[in-house]
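Chemist: Generate a structure from the sequence data that follows.
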Amino acid sequence: GESDVAQDTMEQARRELDEVLRPWREKFPRVRVVDEVRLESPAQAVVQAATDSDLLMVGRRKHPPALGPRLGPVVQAAVHHADCPVAVVPHE
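Modeler: Numbers count the residues shown, from 1 in each chain. The predicted model follows:
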């Protein structure tokens, strides 16, 4: 049913997140990383997850589309609503 699909989606997302974070955790073992997988609005999830954080780091495209916004909706929500300082880091 629907809960099985949600559970499968969560498990797949956790596996992918673990794979992405593994080399960084090995390289920087003293950095505490809290990883969560949520099935909700990405902007809302990021802002809520940062509630008890000292710093929220979010990525943005180094070269955004010419006609697109400079910051996406998740980064904008983080900058405007997070309860902690936000670092916006370009990637790609």
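Chemist: Show me where the protein has its strands.
Modeler: 56-61, 86-91 (DSSP state E).
Chemist: now those strands as TSV including distance to Arg22?
Modeler: (Each C-beta comes from the backbone N, C-alpha and C, glycine too.) Converted to TSV, the strands of the chain look like this (distance: least, Cβ to Cβ, whole Å):
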stretch	distance to Arg22
strand 56-61	18
strand 86-91	18
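Chemist: Would you point out the helix or strand in this structure whose mean pLDDT is lowest?
Modeler: One helix or strand of the chain scores below all others by mean pLDDT, DSSP states H and E: strand 56-61, with a mean of 82.
Chemist: contacting residues around the residue nearest to Ala13 when sequence neighbours are not counted?
Modeler: Leaving aside its chain neighbours, Ala13 sits nearest to Val37 (4.5 Å; criterion: Cβ to Cβ, 6 or more residues apart in numbering). Applying Cβ atoms under 8 Å, 6 or more residues apart in numbering to Val37 gives the contacts 10, 13-14, 17.
Chemist: State the number of residues packed around the closest residue to Ala82 other than its chain neighbours.
Modeler: Nearest non-adjacent residue to Ala82, counting by Cβ to Cβ, 6+ apart: Ala50, 4.5 Å away. Ala50: 21 surrounding residues under other Cβ atoms under 10 Å.
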